[in-house]
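J.: Sequence first, then the predicted structure, then my questions.
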Amino acid sequence: MQLKNIQKLELPPTADMHVHLRQDGMMKLVTPTLSSGGVDTAFVMPNLVPPITTVERVVEYQSQLQALAPNVKFLMSLFLHPSVTPEVIAQAAAAGVAGVKMYPQGATTNSDNGVANLEAFYDTFAAMEKHNIVLNLHGEVLEALAPPGVTLEEAFLPTLKQLHERFPKLRIVLEHCTTAAAVEAVRACGPTVGATITAHHLYLTSHDACCNPFAFCKPIPKNPTDRDALIKAVVSGESKFFFGSDSAPHPLQSKTSAEQGKAPAGVFTQPYVTQLVLLALEEGIERGVIAETDVTQEKLEGFLSKFGRRFYGLPETSESKIVLERKGEKVSASVKTEDGSIEVGNSRADDVVFSLRWEAV
């Protein structure tokens, strides 16, 4: 497959296994954009205000999302919190909850109620292992706990290994990998450990994140060598690595009015997620990181759709497909409500991407 020369590409719908859809007016704005990016399955993060820590709230939130995007399958999660006991895990399993998200306390947006001591949750993890619920890890330590010269993600990797060794049957996802070290750490674990890779970490580096509020996110993008290691993982054909956008909307005003380095953390990619992955792969080919022959139909289908579904035990076939064509379409500057009261800036505005439409199989 010569990606640069392809004018039309057909793929199964994308499974986005890590997305932030927020709540209230922001939720109503961004949830319908899932289909614009080719997504028919979304694993939704629970870091709302207040965080989602009860099964009742999960069910309520899922119904709100389903009403906004009836053609999307929403996989739901609980926020790891002392109130999420083994008894709650049993209720969650009965209700079809897919995962429990662990945030280090204070590490990212709406994580003040996050975890300070993982060992306190070992009984909960044992219950998750028993009930086959996924543990989703925001794999960073607090800055105060990282040795000098070591990224927050790399400092967390021994914890991943420790959890996997203690709970070998517990399915664990290291979310939004950003380093070459994280890729290797996931590879070193058994088949119950996987990892999501975002679109934006395939094209951003720390240089971009420090200077552009629309490129600032957590985990912060790292070095070009880390970015390129992620690109190689995407086209490796290894089922451990699958797509999760970590698309995270913030009001445009909060991004543009903040002092440099003070903008809220989050990159919004949702309306173009599939297209942006393809763009990042094209750029990887241009840089010589990967070869044209590394990008195949099978590998694209695996990373964007099949591997994530397989990890979560979902069917890998669909009644629909997405058709991508080169028509000179550019990423729009933003998405906004009709009255303009809520607006979110898109990542890579004005860049040329594939146009996307849906077709029945």
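T.: Cool, got the structure. Numbers count the residues shown, from 1 in each chain.

J.: Pretty sure Met17 is one of the things His176 touches, is it not?
T.: No - when contacts are counted by CB atoms under 8 Å, His176 is not listed as touching Met17 (10.4 Å). (C-beta placed from N, C-alpha, C; glycine too.)

J.: More neighbours: which of those two?
T.: The residue with more neighbours, out of His176 and Met17, is Met17; 31 against 27, by other CB atoms under 10 Å.

J.: That one: helix or strand, and which one exactly?
T.: strand 14-19 (DSSP states H and E).

J.: In three-state terms, label the nearest residue to Val72 once chain neighbours are set aside for me.
T.: Using CB to CB, 6 or more residues apart in numbering and skipping the chain neighbours, the partner closest in space to Val72 is Leu34 (5.3 Å). The three-state label given to Leu34 by DSSP: H, G, I helix; E, B strand; the rest coil is helix.

J.: Can you give me the neighbour number for Glu286?
T.: 10.

J.: sorry, back to before: need the residues touching each of His176 and Met17.
T.: When contacts are counted by CB atoms under 8 Å, 6 or more residues apart in numbering, the set common to His176 and Met17 consists of 196, 244.

J.: Just the CA coordinates for stretch 68-79, please, in CSV.
T.: Once non-C-alpha atoms are left out, stretch 68-79 reads as follows in CSV (Å, rounded to 0.1, in the frame of the first residue of the first chain):
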residue,chain,number,x,y,z
LEU,A,68,-26.9,11.9,21.4
ALA,A,69,-25.2,9.3,19.2
PRO,A,70,-27.6,6.3,18.7
ASN,A,71,-25.3,4.5,16.3
VAL,A,72,-22.3,4.4,18.6
LYS,A,73,-21.6,1.6,21.1
PHE,A,74,-20.5,3.2,24.4
LEU,A,75,-18.2,1.3,26.7
MET,A,76,-18.4,2.7,30.1
SER,A,77,-16.0,3.0,33.0
LEU,A,78,-15.8,3.8,36.7
PHE,A,79,-13.4,6.2,38.3
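
J.: buried residues in it?
T.: For stretch 68-79, burial by neighbour count (16 or more other CB atoms under 10 Å) applies to 68-69, 72-79.

J.: what do you get for stretch 303-319?
T.: Along stretch 303-319, these residues count as buried under the neighbour rule (16+ other CB under 10 Å): 303-312, 318.

J.: neighbours of the nearest residue to His131 once chain neighbours are set aside, just the number please.
T.: Excluding its sequence neighbours, the residue lying closest to His131 (CB to CB, 6+ apart) is Ala93, at 3.8 Å. Per other CB under 10 Å, the neighbour tally for Ala93 reads 17.

J.: Could you verify my assumption that Ala93 touches Glu129?
T.: No - at 11.3 Å, Ala93 does not count as touching Glu129 under the criterion of CB under 8 Å.

J.: related to what we said a few turns ago, packing partners of the helix or strand containing the residue nearest to His131?
T.: Here Ala93 is covered by helix 86-94, with elements defined by DSSP H and E. Under the contact definition 3 or more CB pairs under 8 Å, 6 or more residues apart in numbering; DSSP states H and E, helix 86-94 sits against helix 55-68, helix 122-131.

J.: Which strands and helices lie in contact with the longest one?
T.: Other helices and strands packing on helix 55-68, by 3+ CB pairs under 8 Å, 6+ apart, are helix 24-30, strand 39-44, strand 73-75, strand 77-79, helix 86-94.

J.: same thing with the last one?
T.: In this structure, helix 122-131 makes packing contacts with helix 86-94, strand 134-137, helix 152-166, judged by 3+ CB pairs under 8 Å, 6+ apart.

J.: Could you export the helix or strand of the chain with the lowest mean pLDDT as CSV, CA atoms only?
T.: For the chain, the helix or strand with the lowest mean confidence is helix 206-211, at a mean of 92 (criterion: mean pLDDT, DSSP states H and E). What follows is the C-alpha trace of helix 206-211 in CSV, where atoms were taken according to Å, rounded to 0.1, in the frame of the first residue of the first chain:
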residue,chain,number,x,y,z
SER,A,206,7.4,18.3,23.6
HIS,A,207,8.5,21.3,21.4
ASP,A,208,5.0,21.6,20.0
ALA,A,209,3.3,21.2,23.4
CYS,A,210,5.3,23.9,25.1
CYS,A,211,4.5,26.5,22.5
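
J.: So for that helix, what gets flagged as buried?
T.: 206, 208-209.

J.: Low-confidence stretches in the stretch 201-350 of the chain?
T.: Within the stretch 201-350 of the chain, the set of residues satisfying pLDDT under 70 comprises 260-261.

J.: Kindly recompute the last result at 90.
T.: Under the criterion of pLDDT under 90, the regions of the stretch 201-350 of the chain flagged as low confidence span 210-211, 257-263, 317.

J.: Show me where it has its strands.
T.: Listed from the start of the chain, the stretch 201-350 of the chain has strands (DSSP state E, counting those that start in this stretch) covering 241-243, 320-325, 334-336, 343-345.

J.: name the helices or strands packed onto the longest one?
T.: Contact analysis of strand 320-325 by 3+ CB pairs under 8 Å, 6+ apart lists strand 8-11, helix 273-287, strand 355-360 as its packing neighbours.

J.: For that strand, which strands pair with it and how are they oriented?
T.: For strand 320-325, the pairing partners within the sheet under DSSP bridges are strand 8-11 (antiparallel), strand 355-360 (antiparallel).
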